[in-house]
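Student: Just to be clear, the model below is a prediction. Sequence and coordinates:
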Amino acid sequence: MLLYIYFPIFKVDRFYASSQLCNNCGYKNPLLKDVRIREWDCPICGVHHDRDINAGINIDREGNRLFSKVKQEKK
Ligand SMILES: [Zn+2]
């Protein structure tokens, strides 16, 4: 027996500032346009971020937001 599982794919806008947004409070840090900065502390909430992990969390969150939007539209 074959079991198929379908995962929807959502394309996050390329201009979405995934690495500049604090995943804890949403603050957008303009200094992070410099890609050489790999770790940073949010000046608002104080959380320490690894640039790539923070971006991954933000992209996951944005994908879930887009998925919820599609689910709402289908109702
Ligand atoms: Zn923050």
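Tutor: Here it is on my side, so go on.

Student: The ion contacts on this structure?
Tutor: Listed as neighbours of the ion in the chain under the rule C-beta under 5 Å from the ion: 22, 24-25, 27, 42, 44-45. In this view, the C-beta of every residue, glycine as well, is placed from N, C-alpha and C.

Student: can you rerun that using 8 Å?
Tutor: Selection of the chain residues close to the ion by C-beta under 8 Å from the ion yields 22-27, 42-47.

Student: From those, keep the buried residues only.
Tutor: Buried members of the residues of the chain next to the ion, counted by 16 or more other C-beta atoms under 10 Å: 22-23, 42.

Student: Tabulate those residues in TSV, adding columns for pLDDT and secondary structure.
Tutor: TSV is the format used below for these (pLDDT from 0 to 100; DSSP: H, G, I helix; E, B strand; the rest coil):
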residue	pLDDT	secondary structure
Cys22	98	coil
Asn23	97	coil
Cys42	97	coil
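
Student: what ranges do the helices span in this protein?
Tutor: Chain-ordered helices for the chain, with DSSP state H as the definition, fall at 51-74.

Student: ok, and the helix or strand in it with the lowest average confidence?
Tutor: helix 51-74 (a mean of 92; mean pLDDT, DSSP states H and E).

Student: buried residues in that one?
Tutor: By neighbour count on 16+ other C-beta under 10 Å, the buried set for helix 51-74 is 51, 54-55, 57-59, 62.
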